[in-house]
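# below: sequence and its predicted model.
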Amino acid sequence: MPPVKVLENIFWVGAIDWNIRHFHGFSYSTQRGTTYNAYLIIDKKVALVDTVHHEFCAEMIQKIKEIIDPSKIDYIIANHVESDHSGSIKEILKMAPNATVVGTANCKAGLEKHYFGNWKFQTVKTGDTLNLGERTLTFLEAAMLHWPDTMFTYIEKDALLLSNDGFGQHLASSKRFADEVDQEILMWEAGKYYANILWLYSSVVTRKIEEVQKLGLKIDMIAPSHGVIWRKDPMKIVKAYLKWASGAADKKIIIVYDTMWASTEKMAKAMLEGIVSEGVEVKLYRLPVSDHGDIIGELLHAKGLLVGSATINNGILPTVAPFLVEMEGLRPKNKIAAVFGSYGWGGGATRTIEAVLKSAGMELVLPAIMTKWVPTTEELQKCYEFGKEFAQKVKAAE
Ligand code: FEO
């Protein structure tokens, strides 16, 4: 694909990774691929904002060459150290050896530890500016969105915010702008991205957005480093971030479980029937045939969570662990939860799950429900009532 003009003298020179299916190791599924967005600003001085994963370096360089000789790059703005954005800096510096890398102090330390390069580096902090000629770049530190080094770059002349990971989506597309793609898919991927990458930092998200609002920056466009560019209505994603960061969710429930000999599954399905009887939307996910990145994405929008497991070795089925570990780390705000499971003799799965949910900050609104061996008709009726009661609590919750 050729470079894409984003605004006068600002070009997308990134890459589309159609085939990536896992991110951050295997912790986050990316069924729709992703993009690595780099932006080339042509002015009296030339700046490249972020680069691409090293696998796509040649593609990026080819795009730059269609606009300018890469040796003319004066600045590489490194908004973030992580290698999906910094992975081609070394190659660019081979072509533009006099270029200065610009980033935060944490960025400098991180790049040195990643690439062991002795590069010309300009350290910046919030409010610092860099004049390119007609345009001036203003830098805004955005520590923990989502690494300590992260910053945003703002261009007043264009009312453009280059937000790096913030407001991104793992969404490969031949289209470059948010208004050109399916809105339902876009917002699902933006939410899944938020839940899996930024959820833990929700208080930072709120504070950073408020800080930018107080600065009174005019923002007509938000260009993240993954996915499409928010062009026509950039506040759509800002509003969504404020909602997600607040913990506001729909009155929906998700049931996540795994089963050994179908007893826990029978319990889950009886609960589902009870929830449905209350008119509450519910989704059922068996681990590990369901993708836990998707479940985390669904959980962002759901008020209630039920988690179940059969007991093995006095604890949970190992297949339930990856979901619980990820969710505990993300600390989902403002959720209510309850736990269930079957056992043969001592039990233990429900205790393990309850401990994790509490550690994740969830409110357990019902005592765990357990069934020995195979649930009887009466026990399944209790599960139905359990689901019904949980749905009532979801409906009543703030
Ligand atoms: Fe897209 Fe934190 O890297």
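Structure received.

# going forward, measure contacts between C-alpha atoms and count neighbours the same way
Will do.

# could you dump the helix or strand hosting V339 to CSV, C-alpha only?
For V339, the host element (DSSP states H and E) is strand 336-343. Provided in CSV are the C-alpha atoms of strand 336-343 (Å, rounded to 0.1, in the frame of the first residue of the first chain):
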residue,chain,number,x,y,z
ILE,A,336,-20.4,-7.7,40.9
ALA,A,337,-19.7,-11.4,40.9
ALA,A,338,-20.6,-14.8,42.3
VAL,A,339,-19.0,-18.2,42.1
PHE,A,340,-20.2,-21.8,41.5
GLY,A,341,-18.8,-25.3,40.9
SER,A,342,-19.1,-29.0,41.4
TYR,A,343,-16.9,-31.2,43.5
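
# and it, average pLDDT?
Per-residue pLDDT values across strand 336-343 average out to 98.

# who touches it?
263-264, 267, 303-312, 349-350, 353-354, 357, 362-374, 390, 394 (C-alpha atoms under 8 Å, 6 or more residues apart in numbering).

# just checking: what are the partner strands of that strand?
Note on strand 336-343: by DSSP bridges, its sheet partners are strand 302-309 (parallel), strand 363-364 (parallel), strand 369-372 (parallel).

# can you report how many residues lie near K239?
12 (other C-alpha atoms under 10 Å).

# shouldn't N79 be within a strand?
No: counting by DSSP: H, G, I helix; E, B strand; the rest coil, N79 is not found in a strand; it is coil.

# still on that earlier bit, and the next helix or strand after the strand holding V339, how far out from the chain's middle?
The first helix or strand that comes after strand 336-343 along the chain, using DSSP H and E, is helix 349-359. The chain centre lies 25 Å from the centre of helix 349-359; the measure is C-alpha atoms, centre = their mean, to the nearest Å.

# about what we covered before: pick the most buried one from the strands paired with strand 336-343.
Mean neighbour counts were taken over those using mean count of other C-alpha atoms under 10 Å, and the top value, a mean of 26, falls to strand 302-309.

# what packs against the helix or strand that comes right after that one?
Remark: after strand 302-309, the chain's next helix or strand is strand 311-312, criterion DSSP H and E. For strand 311-312, the packing partners by 3 or more C-alpha pairs under 8 Å, 6 or more residues apart in numbering; DSSP states H and E come out as strand 336-343, helix 349-359.

# what does the helix or strand following strand 311-312 rub up against?
Counting by DSSP H and E, the element after strand 311-312 in chain order, helix or strand, is strand 315-316. If you take C-alpha under 8 Å, 6+ apart as the criterion, strand 315-316 is touched by S309, A310, G347, G348, A349, T350, R351, T352, I353.
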